[in-house]
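Colleague: mind looking at a prediction? Sequence and model below.
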Amino acid sequence: MSRLDDELEKAVSDGDAVSDAEAVRDAEPVVAPAAPESAPRRRSLNNVGLVLALVAMAGGILVLVMTSFEDAAIYSKGVDELMQEKDKLQGRTVRVAGNLVRGTLVRRDEPCEYRFKIHKNDHAIDVRYAQCVVPDTFRDVPGMDVEVTAEGKLDADGNFEASHIMAKCPSKYEMQERAGKGEQAPHADIPAKTSY
C-alpha cells in the first residue's frame, strides 16, 4: 500500500476514536454545579418584599382616593333636613331641594342676582343666586308649585349662597292635566319682580 493509503486509514481510525469519545461524552449526564443554599432563601425574601411593596402601594392609593372623595362629596338634602343639620353642613357644598315660595322671587340687575325662598315640610330658607342666567323653568307661576334644587353653601347666618339652580319642569302629561285646569307652564313668559 502506498503511504497515502496508510495515512487515510489512520485518519479514519483516529476519526472513529474521536467520534466514539464524543459519543461517550454526550451520553454522560451533565451535572450542574450545586447552587449555593442561600439562593432559594434569597428568592423567597425577594417575593415577600415585592408583595409587601405592592400592598403598601395599594393601601396608599386607597387612602388617597378615600380622602380626596371626602372633600368632593355633595350632600343632597331637603330644606327641612338641611335646617336640622345646618351646624354639621355649614360651609360644605350641599344640594337643597324644595318648592319655590310664591311671591319671593326677585331679581336685581346691578349686580345681577336672584333672591328667593324655598320650603319643604314647614321649613323655609333664603337663597341668593349671584348670576344672571337661570333655567327657563325657574319662574314664579301663580297657582303652580315650582320644584327647585339649589347647589351651594350654607352661610353662618343660615342663608344659602347658590352656585347652581335647577328647576323641575312638569312632565308633558302633568302639563296637559294642568292645562285642562287652566294652569300655565312654568316656562311661560312671566317676568320676575325686579327690585328688592
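Modeller: Yep, it's here.

Colleague: what about the helices in the protein?
Modeller: 3-27, 38-72, 79-84, 86-89, 172-180 (DSSP state H).

Colleague: quick one: mean pLDDT over the shortest one.
Modeller: Put plainly, it is helix 86-89. For helix 86-89, mean pLDDT rounds to 83.

Colleague: pLDDT at Arg92, what is it?
Modeller: Among the per-residue scores, Arg92 holds a pLDDT of 84.

Colleague: which ones are touching it?
Modeller: 75, 153-154 (Cβ atoms under 8 Å, 6 or more residues apart in numbering). Using the backbone N, CA and C atoms, a C-beta is placed for each residue, glycine as well.

Colleague: okay, now the domains of the chain?
Modeller: Per automatic domain parsing, the domain ranges recorded for the chain read 37-73, 75-180.

Colleague: can you tell me how far the nearest residue to Phe116 once chain neighbours are set aside sits from Leu52?
Modeller: The shortest distance from Phe116 to any non-neighbouring residue, by Cβ to Cβ, 6 or more residues apart in numbering, is to Leu105 (4.4 Å). Using Cβ to Cβ, to the nearest Å, Leu105 is found at 61 Å from Leu52.

Colleague: what's the answer for Tyr129, then?
Modeller: The spacing between Tyr129 and Leu52, counted by Cβ to Cβ, is 53 Å.

Colleague: what of Cys112?
Modeller: Taken as Cβ to Cβ, the span from Cys112 to Leu52 is 59 Å.

Colleague: of Tyr129 and Leu52, which one has the most company?
Modeller: Neighbour count, other Cβ atoms under 10 Å: between Tyr129 and Leu52, Tyr129 has more, with 23 against 10.

Colleague: low pLDDT regions in this protein?
Modeller: By pLDDT under 70, the weakly predicted segments of the chain are 1, 14-45, 69-74, 169-175, 178, 182-196.

Colleague: now Glu81: how far from Gly98?
Modeller: Glu81 is 10 Å from Gly98, by Cβ to Cβ.

Colleague: and for Phe116?
Modeller: Distance, Phe116 to Gly98, using Cβ to Cβ: 10 Å.

Colleague: who has more neighbours, these two?
Modeller: Neighbour count, other Cβ under 10 Å: between Phe116 and Gly98, Phe116 has more, with 27 against 24.

Colleague: so that one bridges to which residues?
Modeller: Val127 (DSSP bridges).

Colleague: ok, it touching Arg108?
Modeller: No - contact criterion Cβ atoms under 8 Å: Phe116 and Arg108 do not qualify, at 11.9 Å.

Colleague: neighbours of Glu147, just the number please.
Modeller: Neighbour tally, Glu147, other Cβ under 10 Å: 17.

Colleague: enumerate every residue touching it.
Modeller: Residues near Glu147 by Cβ under 8 Å, 6+ apart: 97-100, 167-168.

Colleague: apply 7 Å and report the result again.
Modeller: 99, 167-168 (Cβ atoms under 7 Å, 6 or more residues apart in numbering).

Colleague: redo the residues you listed as JSON lines? Include neighbour count and distance to Val146.
Modeller: As requested, the contacts of Glu147 are arranged in JSON lines below (neighbours: other Cβ atoms under 10 Å; distance: Cβ to Cβ, whole Å):
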{"residue": "Asn99", "neighbour count": "17", "distance to Val146": "7"}
{"residue": "Ala167", "neighbour count": "18", "distance to Val146": "6"}
{"residue": "Lys168", "neighbour count": "16", "distance to Val146": "8"}
